[in-house]
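[1] structure for this input, please:
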Amino acid sequence: MAALRLFIAIPLPGPVRGLLARDGETLRRFCSGSFTREENYHLTLVFLGETEEERLPAIKAAMDASAGPGFPLRLGPLGRFPGKDGGVLWRGLAESDGLMCLQAALSERLREEGFRLERRPYRPHLTLARKALLQRTVKLETLSLKMHPSRFRAREMILFSSAQRDGKRVYTPLHRTALR
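    All right, here's what the predicted structure looks like:
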């Protein structure tokens, strides 16, 4: 069987994706990089990476077993993961016990199924740009003030496969689990 590049994420409502796209347009005036396309915005819970198709039933079962109630989320300030190529520019989220509990429960279930997951602490974020190079005179704190505020409710998590098609990253939903 073929391997799929997989991750589990909370999808964002259309209006929130639209706000993030507008924020991306603002950021382009102060930053170069590869910006996330509007349809690809999501909140990653767990990155599984290259995974054999035969493991899909175990992933789906872990998702279904770890689902709790939905919860509110609120966009936070900008942040950056540094890198040699400029790094990742992202939008944070305000603290959310619901989000942290879901991510921990899902990770625990997946580890019980034998999946090897990252051990570093979970840092919820929405990727806005990769290879992001800020103009030298620009500070993230100042740019954060230009970003749109938004609140939304997490209602489901989705298992996505990720593939390159025609030079673009495409995310295909494979399984949905409602947050009750």
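
[2] quick one: residues contacting Met157.
    Shown in contact with Met157 (CB atoms under 8 Å, 6 or more residues apart in numbering): 8-10, 45, 63, 67, 102, 106, 176-177, 179. All C-beta atoms are positioned from the backbone trio N, CA, C, and that covers glycine.

[3] just the buried residues of those.
    Buried members of the contacts of Met157, counted by 16 or more other CB atoms under 10 Å: 8-10, 45, 63, 67, 102, 106, 177, 179.

[4] quick one: which of those sit in helices?
    Per DSSP state H, helices hold the following members of the buried ones among the contacts of Met157: 63, 102, 106.

[5] what's the closest of these to Ala3?
    Met63 (19.1 Å; CB to CB).

[6] not counting residues beside it along the chain, what's closest to that closest one?
    Using CB to CB, 6 or more residues apart in numbering and skipping residues adjacent in sequence, the residue nearest Met63 is Thr177, 4.3 Å away.

[7] just to revisit the earlier point, Leu117: which of the buried ones among the contacts of Met157 is nearest?
    Leu106 (9.5 Å).

[8] got the contact list for stretch 22-41?
    So stretch 22-41 is contacted by 12, 16-18, 20-21, 86, 89, 91, 126-135, 138, 143, 146-148, 168-169, 171 (CB under 8 Å, 6+ apart).

[9] meant to ask about stretch 118-131
    12, 20, 23-24, 27, 31-36, 41-43, 47, 75, 78-79, 83, 85-93, 96, 99-100, 103-104, 107.

[10] and the residues you listed, which of them are buried?
    Here, 16+ other CB under 10 Å leaves 12, 20, 23-24, 27, 31, 33, 35-36, 41-43, 75, 78-79, 86-93, 96, 99, 103, 107 buried among the contacts of stretch 118-131.

[11] can you tell me which two in the buried ones among the contacts of Met157 are farthest apart?
    Largest separation among these by CB to CB: Ala9 and Ala67, giving 13.9 Å.

[12] in a strand, Ala129, correct?
    Yes: Ala129 forms part of a strand when assessed by DSSP: H, G, I helix; E, B strand; the rest coil.

[13] ok, it - how many residues close by?
    Ala129: 22 surrounding residues under other CB atoms under 10 Å.

[14] and what of Lys168?
    Neighbour count of Lys168, defined by other CB under 10 Å: 10.

[15] which of the buried ones among the contacts of Met157 fall within strands?
    Cross-referencing these against strands under DSSP state E gives 8-10, 45, 177.

[16] elements contacting the helix or strand bottoming out on mean pLDDT in the chain?
    Ranked by mean pLDDT, DSSP states H and E, the weakest helix or strand in the chain is helix 140-144, scoring a mean of 91. Under the contact definition 3 or more CB pairs under 8 Å, 6 or more residues apart in numbering; DSSP states H and E, helix 140-144 sits against strand 71-81.
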